[in-house]
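Enquirer: model the structure of this input:
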Amino acid sequence: MNQTSGSRRAALQTLGALGIASALPGIAVAQADAWPSRPITYVVPFTPGGSTDVIGRVIAQKLGEALGQPVVVDNKPGAAGAVGASYVAKAKPDGYTLFGGTISTHAINASLYKNLPYDPVKDFEPISLVAFLPNVLIVDPNLGVNTVPELIALLKKDPSKRTFASSGAGTSTHLAGEMLGDMIGVKLTHIPYKGTPPAMLDVSSGQVTFMFDQITAALPLVQAGKLKLLAVTTAKRMALAPQLPTMAEAGVPGFEMASWQAVYAPKDLPKPIAQRLSTEIARILQMPDVKDKLTNQLGMEVVAGSPAQLAALMQKEIPRWGELVRKSGASPN
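Expert: Here you go, the predicted structure:
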């Protein structure tokens, strides 16, 4: 009798556990159905006006229209994006906090900062690989060089010219300069600035020899005759400046890099919400007006990639830039 009662109790407990377990997916779906019921915050870890901010505002506006709730951009700059990234890493995974991630926040920072307050893989859910952005090699027109080989010859010959600027430590523009120095066998001095404009002004005045940055940022000064473009960093020439050779074509074989932009959420976001966000953002990035702005006006290569594509890219990029940081001795200072 006691044995039978015990068996019944065990059976009932098992059935109860199975019932609860089977209800869990339904709970997640119910959460997704109710989402969003209030405004969503899209954190941009850089100052207003840059590429990450422009992308964030384009996506935020269209995503708000698609979801029926406002998506508000919140700029949290500092430490090559680490300030904003650590804020989102600690946020609730409820679909109400999104993050505009980049090559800096989710690849370079992992090795550049010794005590990074977040883990780019463990703390984030990849949502969308938005776009690739080529950088261009920029010099002062009065420097006396017209090609990449001429610049390399100058750097090898004159120690006083071995300087390069960047928009900030840990950015793709910083690591591009480190890569060039490593590939040509010349130790270069990195001079980080707080943003692109002051860096470009010092390159245009001859205070710093060269820098890498996005072509759209350089065009006004190029058109005014205050800067000169020598090459593009990607494997292929870019549509905005088809006459510009690639670094490989210009005499540095194997030199290839592109900055990239992506969207993330805090880790453990419910799958239905993650899938909805990924689908909506991919649709937004294929809209003609969005594609025109990002491609023709800003020189980006729109990808609209899946979470799996973004995760795969990070698996390649994190060790790649980690190796360069170690070899070059690059630091966040």
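
Enquirer: what about residue 327, how many neighbours?
Expert: 12 (other CB atoms under 10 Å). Any C-beta I mention is one placed from the backbone N, CA and C, and that applies to glycine too.

Enquirer: you'd agree it is up against residue 182?
Expert: Yes: taking CB atoms under 8 Å as the definition, residue 327 is a contact partner of residue 182 at 5.8 Å.

Enquirer: so which residues of this structure form helices?
Expert: Assigned by DSSP state H, the helices in the chain fall at 2-34, 51-67, 82-89, 103, 109-112, 148-157, 172-184, 196-204, 215-223, 271-285, 288-291, 307-328.

Enquirer: now do the fifth one: which elements does it pack against?
Expert: It stands for helix 109-112. helix 307-328 (3 or more CB pairs under 8 Å, 6 or more residues apart in numbering; DSSP states H and E).

Enquirer: next, the angle helix 271-285 makes with the helix it packs on.
Expert: Angle, helix 307-328 to helix 271-285, by axes from the mean of the first three to the mean of the last three CA atoms, to 10 degrees: 80 degrees.

Enquirer: pLDDT of helix 307-328, averaged?
Expert: Helix 307-328 shows a mean pLDDT of 93.

Enquirer: before we move on, what about stretch 34-53?
Expert: Rounded mean pLDDT across stretch 34-53 is 93.

Enquirer: report the buried residues of it.
Expert: 35-36, 40-46, 50-53 (16 or more other CB atoms under 10 Å).

Enquirer: looking at these, spot the one nearest residue 96.
Expert: residue 40 (5.3 Å; CB to CB).

Enquirer: for the closest residue to that closest one other than its chain neighbours, what are its contacts?
Expert: Spatially, and ignoring its direct neighbours in sequence, residue 40 is nearest to residue 71 (4.6 Å; CB to CB, 6 or more residues apart in numbering). Shown in contact with residue 71 (CB atoms under 8 Å, 6 or more residues apart in numbering): 39, 40, 41, 42, 59, 60, 61, 63, 64, 98.

Enquirer: ok, residue 295 next?
Expert: 239, 301, 302.

Enquirer: repeat that with 7 Å
Expert: residue 302 (CB atoms under 7 Å, 6 or more residues apart in numbering).

Enquirer: relative to residue 145, how far out is the residue nearest to residue 40?
Expert: 45 Å (CB to CB, to the nearest Å).

Enquirer: got it, and residue 95?
Expert: Residue 95 is 51 Å from residue 145, by CB to CB.
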